[in-house]
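# Here is my input; please provide its structure:
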Amino acid sequence: MTVSPIKKIKNGDLDIAEQVVSENYDAIYKYCYWKVGNSADAQDITQEVFLSFVKNIDTYTDRGKPRAFLYTIAKNLCINWSKKIKPDYIESTKESIDSYATEKIESMVDKIELEEIINQLPEEQKEVIVLRYGHDLKVNEIAVIIGKSRFTVRYRINLALATIKNKLKGSDYH
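Presented below is the predicted three-dimensional model:
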């Protein structure tokens, strides 16, 4: 019987804990940056995500890879950050998806136009699109992170993609 990485961490295997951090750090940082729009704060929150993960490892119900658990911690910490910090600035553009996601959604579209369209989506649609295509998460993982059913996640993704497609058809890039 194979012992899961989480059980190994619970048993004190720091090498596995370090591996979880190294495998997930960049993705969690990108997510935090997307949520807070500030590199320094995103770095601080990302560090806090992994500290919280290790601190609360005993409460984690082992279901294999801990990626959804990390994103859930990140989401909650970003919400807490936004309650404490009220930015004095309005960011004109926010990097919401990386070039890989841009190619997956529409390879011929200018990234700036796509970001503007995504930023116009309702927050719940924007979040599932960024998690699905920007962070390459599965529908099940997104459902855990946002606390909704897989059906709701699929519905929001389909609705957002339909909106994006319609807006792209109306642009000069069709």
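# Just give me the neighbour total for Thr163.
Using other Cβ atoms under 10 Å, Thr163 is surrounded by 17 other residues. Backbone N, C-alpha and C define where each C-beta goes, glycine included.
# so where's this structure shaky on pLDDT?
Counting by pLDDT under 70, the chain shows low-confidence ranges at 1-14, 16-17, 61-65, 85-112, 171-174.
# Go through it and flag its longest helix.
When the chain is parsed with DSSP state H, its longest helix is helix 14-36.
# Pull out the buried positions in it.
Across helix 14-36, burial judged by 16 or more other Cβ atoms under 10 Å covers 16-17, 20-21, 24, 27-36.
# cool, stretch 145-162 as well?
Quick answer for stretch 145-162 (16+ other Cβ under 10 Å): Ile145, Ile146, Thr152, Val153, Arg156, Ile157, Leu159, Ala160, Leu161.
# And the second one, how far from Asp41?
Meaning Ile146. 21 Å (Cβ to Cβ, to the nearest Å).
# what do you get for the last one?
To Asp41, Leu161 is 30 Å away according to Cβ to Cβ.
# Also the third one?
Distance from Thr152 to Asp41, counting by Cβ to Cβ: 29 Å.
# count of neighbours near Leu131?
The number of residues packed around Leu131, counting by other Cβ under 10 Å, is 23.
# Over to the one 5 residues further on?
Around Asp136 sit 13 other residues, with neighbours defined as other Cβ under 10 Å.
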